[in-house]
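Asker: Make a model of this:
(chains A and B)
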Number of protein chains: 2
Amino acid sequence: MEPDYSPSSLTIDLGPRSYRMHVRSLEGAPGLMREAGLDAERCFVVTDENVASLYLDRLMEALRAARFTPEAHVVAPGEQSKSEAPLRRLYDAALEWGLDRQTPVAALGGGVVGDLAGFAAATLLRGLPLVHLPTSLVAQVDSSLGGKTGINHATGKNLIGAFHQPVLVAADPEVLETLPQREWTSGLAEVVKHALIADANLLAFLREHWAAILNREAGPLPEMIHRAARVKAEVVAEDERERGRRAILNFGHTFGHAIEHAAGYGSFTHGEAVAVGMRAALFLSRERHPDFGGDAALDLVTRLPVRGGDPARLSFEALRRAMQQDKKNEGDAVRFVLLRAAGEAHVAGGFDDDTLEAAWQFALRSGD
Amino acid sequence: MEPDYSPSSLTIDLGPRSYRMHVRSLEGAPGLMREAGLDAERCFVVTDENVASLYLDRLMEALRAARFTPEAHVVAPGEQSKSEAPLRRLYDAALEWGLDRQTPVAALGGGVVGDLAGFAAATLLRGLPLVHLPTSLVAQVDSSLGGKTGINHATGKNLIGAFHQPVLVAADPEVLETLPQREWTSGLAEVVKHALIADANLLAFLREHWAAILNREAGPLPEMIHRAARVKAEVVAEDERERGRRAILNFGHTFGHAIEHAAGYGSFTHGEAVAVGMRAALFLSRERHPDFGGDAALDLVTRLPVRGGDPARLSFEALRRAMQQDKKNEGDAVRFVLLRAAGEAHVAGGFDDDTLEAAWQFALRSGD
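Answerer: Numbering: from 1, shown residues only, chains lettered A, B, ... in the order given. Predicted coordinates for the structure are as follows:
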């Protein structure tokens, strides 16, 4: 019998920049902000139109109940808000409204809102306290943790940004009910990734509850979010500025980024591309580590839905060229995150083109 | 007889973000960059048109001799380059040229270039190594040390920025020869300020060599720069993020900022306004600490040239209103940095308007 599990919070241990991540209702967030030491009178909330229509009123009311005077800044939904003009409009709105160095910026939304609001918090008055209130699964278990913020530039994604750790993350599992289904399953790809690279128990939990999880049944979600977030928290605590260990979070991403690039951004979601990429990475892991069975891992990865089209229309040659550009590379060797066992990841290279093509054919064959 | 003094370098002690500040010729900077561990192939240099015409070729040649492939980005001189459009042009130029996370940004110039290039380094690829090669006296002893970077916004100065410590500062005293005279004397105001708040020996050194220093004779400059920079380094090491002690660097700045504001920016230089402000702050220091004679301090402060016009045309009432806006205030009380002795500063408030007006009248009377 599963023990009575009440996940509530965990610590992201970064010395003087440590903070707590809570799995808690949105209404509870302003109280957690006060407990975290935010004693400002004002609070600047950033969200997007979709999230605003669903959850902004609830947050604003809860902020007022906690004696904040909140102001909301609503951006357009989607990746185009992670760019220079929306950032400038955010700066203008925040500075004309009025801030001091204690004013928190609260990011209510998914990864785009978190990255944009986080970068604004990093750069207004040389750094304001940042609160993440993630409303997508990817944001709850991944992007709200670790301090990466930024916007895109014409020459590439996330090229203008900063590391700026939040003072608090509060994730409400109930808001995930309103996520579009493809955003849900894309988030699950990151959850599976966290299980594979660092938590064999989470892998078992996911397999046991997979049908309920795919259906977003409330039961297993708090525990899933808490465990998946803990993996990210532990990796970040070991390598805050992405100089080493943090690279294992890119499991499935070498092929994944190449798939996104070759298919054109917006065809496959990031999570879908990573799901296919993880199949290829599991093939390479078994090539390198013959003792690693990986059947349970592969079973779960192949059950991640991929709705962006048929990956088989992408040529291996196009993927190979895209992988050559991957930023993990040192010199000319393409680098991959590999598993030596479920929950044990490392970075390696040294695969010839024939092996990489075999990995790609395996990834295509092993889809559902 | 003065001992044989060969100031060469000092450490800004910030734990994992510690770095060295060298008083050394510009030609030596690229070698110091290599010694500091910068092993990149490329280097992105930011400077302004005035400095470029004098020193850019020398720096580029020295960078090539140290096996860097340098690229220079030249901005217009003056405060208007600390704004959003020049920052965007800098981003475009740097990203189109090509950067990786190891590429250093070298700021060759005064405070404006340092703040702009520093903020770009803080925000490109979530943080690039920053090298300050300060060419103004204020930059050499003050603004290149401590990690403040940023640009201005329509609603105020330095409102968009970040703390981003350099990996190296290299200051060449010889480049100060070409500074306009008012920039020189304005820089001396900051040197005097550093002596007054934290180094009575520097105060004695300045008084002994004052005529030579005003004339920019080479003899005392390396020692003066080294000692004044050390004061900044020590204050920053105690309070990297300006949460307490760093406030003493604002000696003379409560009245000083009010003078700049009331006179309109560009009338008095910042250093001239601070020079007058330090006279008022010395008056208040003696009011609060009757045992503090302060004659040596006052003697030096009153010998700082003020060329921006007659401060007497500013009304006390205008200054009082401007001081109410000062960001050091807590609630309604105007706060000042005071000296309890030469080299010992603290922050205090609690002066009534009559005392503040008396301080202003004293500041006007005590000019040269």
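Asker: Am I right that A:N152 is in a helix?
Answerer: No - read with DSSP: H, G, I helix; E, B strand; the rest coil, A:N152 is strand and lies in no helix.
Asker: Could you measure from it over to chain B?
Answerer: Here the criterion is C-beta to the nearest C-beta, to the nearest Å. By it, A:N152 lies 11 Å from chain B. In short, each C-beta sits where N, CA and C put it, glycine included.
Asker: residues in contact with that residue?
Answerer: Contacts of A:N152 were listed using C-beta atoms under 8 Å, 6 or more residues apart in numbering or on different chains, and they are A:79, A:82-83, A:158-160.
Asker: Tell me if I'm right that A:G78 and A:V112 touch.
Answerer: Yes - at 6.7 Å, A:G78 and A:V112 qualify as touching, with contact defined as C-beta atoms under 8 Å.
Asker: Now for these two: what residues contact both?
Answerer: Residues touching both A:G78 and A:V112 (C-beta under 8 Å, 6+ apart) are A:D48.
Asker: ok so, going back, overlap between the contacts of A:N152 and the residues near chain B?
Answerer: Subset of these in contact with chain B: A:158-160, counting by C-beta under 8 Å from any C-beta of the partner chain.
Asker: Show me the residues you listed that map onto strands.
Answerer: The members of the ones next to chain B among the contacts of A:N152 that map onto strands under DSSP state E are A:158-160.
Asker: Now render the contacts of A:N152 as TSV, adding pLDDT.
Answerer: Formatted as TSV, these follow (pLDDT from 0 to 100):
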residue	pLDDT
A:E79	93
A:K82	98
A:S83	97
A:N158	94
A:L159	96
A:I160	98
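Asker: Quick one: buried ones out of the residues you listed?
Answerer: Listed as buried from these are A:82, A:158-160; burial here means 16 or more other C-beta atoms under 10 Å in any protein chain shown.
Asker: how about these, which pair is most distant?
Answerer: Largest separation among the buried ones among the contacts of A:N152 by C-beta to C-beta: A:K82 and A:L159, giving 10.8 Å.
Asker: Now for the two: what residues contact both?
Answerer: A:150, A:152.
Asker: Identify each of the strands in the stretch 101-250 of chain A and give its residue range.
Answerer: Listed in chain order, the strands found in the stretch 101-250 of chain A under DSSP state E, counting those that start in this stretch are A:105-109, A:130-134, A:148-153, A:156-163, A:168-171.
Asker: Redo the ones you listed as JSON lines? Include distance to A:A62.
Answerer: As requested, the strands of the stretch 101-250 of chain A are exported to JSON lines (distance: least, C-beta to C-beta, whole Å):
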{"stretch": "strand A:105-109", "distance to A:A62": "11"}
{"stretch": "strand A:130-134", "distance to A:A62": "10"}
{"stretch": "strand A:148-153", "distance to A:A62": "24"}
{"stretch": "strand A:156-163", "distance to A:A62": "28"}
{"stretch": "strand A:168-171", "distance to A:A62": "11"}
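Asker: so where is the stretch 201-350 of chain A shaky, pLDDT-wise?
Answerer: Flagging of the stretch 201-350 of chain A using pLDDT under 70 yields the residue ranges A:326-332.
Asker: Check the spacing between the residue lying closest to A:P104 once chain neighbours are set aside and A:V105 real quick.
Answerer: Leaving aside its chain neighbours, A:P104 sits nearest to A:P129 (4.3 Å; criterion: C-beta to C-beta, 6 or more residues apart in numbering or on different chains). For A:P129, the distance to A:V105 (C-beta to C-beta, to the nearest Å) stands at 7 Å.
Asker: Between those two, which has more neighbouring residues?
Answerer: Taking neighbours as other C-beta atoms under 10 Å in any protein chain shown, A:P129 and A:V105 compare with A:V105 leading, 26 against 22.
Asker: Could you name every residue contacting both of A:P129 and A:V105?
Answerer: A:A121.
Asker: So which residues of chain A form helices?
Answerer: Using DSSP state H, the helices of chain A run over residues A:29-35, A:49-51, A:57-65, A:84-97, A:111-123, A:137-138, A:181-198, A:200-214, A:221-238, A:253-263, A:270-288, A:295-301, A:316-324, A:353-365.
Asker: so which of those comes closest to B:A363?
Answerer: Comparing the helices of chain A by their distance to B:A363 (C-beta to C-beta), the top pick is helix A:84-97, with 32.2 Å.
Asker: and chain A, which residues reach chain B?
Answerer: Selection of chain A residues close to chain B by C-beta under 8 Å from any C-beta yields A:84, A:88, A:91-92, A:95-96, A:100, A:119, A:122-127, A:148-150, A:153-156, A:158-163, A:241, A:327.
Asker: ok, the buried ones among the contacts of A:N152 vs A:R245, which is closest?
Answerer: For the buried ones among the contacts of A:N152, the residue nearest A:R245 by C-beta to C-beta is A:N158; the value is 19.7 Å.
Asker: The closest one - nearest residue in space that isn't next to it in sequence?
Answerer: Here the residue nearest A:N158, using C-beta to C-beta, 6+ apart, is A:G150, at 4.6 Å.
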